[in-house]
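Q: have a look at this fold, sequence not included:
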């Protein structure tokens, strides 16, 4: 996980942009009397509004799928996935990036999150830094963004200069660019390769995009990163076969995965896991092909970690 830390402040005398037309800034008719609601009524309003996040994901299914395919293809060429954002949007990107290594046993540099304000902004707001497009562009240069990389800019309202500056520079550097926003394209058009609009309507609390805009963004990032890892051979069926066995919970999970997929009792699964040097994927390859650990790993490497392809080659 990479976190960018750039200093700066808003330019004095800069003309203030009116963002009142943005969908994310408008007042929600369903919560006009929020301050007069009971606690139960508040819960009900949130529940009704949050239900719109699922429909928003469904409406964005095609660009999300394209982002999965293009990111997986980029990684097959040695590329990386970067999330960049400010505030809630940036923190969600950092969170998704940080969860990839323990979930899919990926190297930390494969999926990275860049947050305006750096590590400090994870726990303490640094809102002023989102107004600096040059800092976003500099983050792309510092990260050595290239043509095999994918850069996902995340901004609920779409107008964050830090993110727009990063995407513009990423385009110049030849990377695949993805834009995730919660406003219609006609409100904030942007020149990117993949444009993902998650339209959930005005927030329960006007302008507070950490609410359903944040929720729908988290859903989209879950789908994007998990979909990419499925395409990269990190999953067999619906099981994580590249799970990192680093604690007792994950060892238990690894044993259960082996037991279920290979139809082994717990003792046999534990013995196989040890012979595979704690690699569930390698253990499955060994069990189904009859090869030893080294030969199994060689075939997996030859097929970019794709277990099904490696097994087909072993059987052939």
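A: Structure received. Computed from a predicted model, the values in this text were never measured in an experiment.

Q: any idea which helix is longest in this structure?
A: helix 212-231 (DSSP state H).

Q: could you list every helix and strand in contact with that one?
A: Under the contact definition 3 or more Cβ pairs under 8 Å, 6 or more residues apart in numbering; DSSP states H and E, helix 212-231 sits against helix 39-50, helix 52-59, helix 61-76, strand 81-85, helix 87-104, strand 150-154. (Each C-beta comes from the backbone N, C-alpha and C, glycine too.)

Q: buried sites along the second one?
A: Along helix 52-59, the positions that meet the burial threshold by neighbour count (16 or more other Cβ atoms under 10 Å) are 52, 53, 56, 57.

Q: domains of the protein?
A: Using automatic domain parsing, the domain parsing of the chain gives 23-231, 235-315.

Q: now do the end-to-end distance for the longest one.
A: Counting by Cα to Cα, to the nearest Å, you get 34 Å between the two ends of domain 23-231.

Q: how far does it sit from the chain's center?
A: With Cα atoms, centre = their mean, to the nearest Å as the basis, domain 23-231 stands 8 Å off its chain's centre.

Q: cool, the shortest one as well?
A: Using Cα atoms, centre = their mean, we find the averaged C-alpha position of domain 235-315 to lie 26 Å away from the chain's own average C-alpha position.

Q: beyond the longest helix of the chain, next helix or strand please.
A: Sequence-wise, the next helix or strand downstream of helix 212-231 (DSSP states H and E) is strand 235-236.

Q: paired strands for that next one, with orientation please.
A: Within its sheet, and counting by DSSP bridges, strand 235-236 is paired with strand 239-240 (antiparallel).

Q: and whatever helix or strand comes next after the partner strand, what does it pack against?
A: Remark: after strand 239-240, the chain's next helix or strand is helix 248-262, criterion DSSP H and E. When contacts are defined as 3+ Cβ pairs under 8 Å, 6+ apart, helix 248-262 packs onto strand 239-240, helix 266-275, helix 280-289.

Q: ok, residues contacting the helix or strand of the chain with the lowest mean pLDDT?
A: Every helix and strand of the chain was ranked by mean pLDDT, DSSP states H and E. The lowest is strand 239-240, at a mean of 93. Residues outside strand 239-240 that contact it (Cβ atoms under 8 Å, 6 or more residues apart in numbering): 103, 104, 234, 253, 257, 260, 261, 280.

Q: if you rank those by neighbours, which is first?
A: Counting neighbours by other Cβ atoms under 10 Å, the top entry in the contacts of strand 239-240 is residue 280, with 29 neighbours.

Q: now that one: how far from residue 296?
A: 12 Å (Cβ to Cβ, to the nearest Å).

Q: could you do residue 73 as well?
A: 26 Å.

Q: what strand or helix carries the closest residue to residue 17 other than its chain neighbours?
A: Leaving aside its chain neighbours, residue 17 sits nearest to residue 159 (7.0 Å; criterion: Cβ to Cβ, 6 or more residues apart in numbering). For residue 159, there is no host helix or strand (DSSP H and E).
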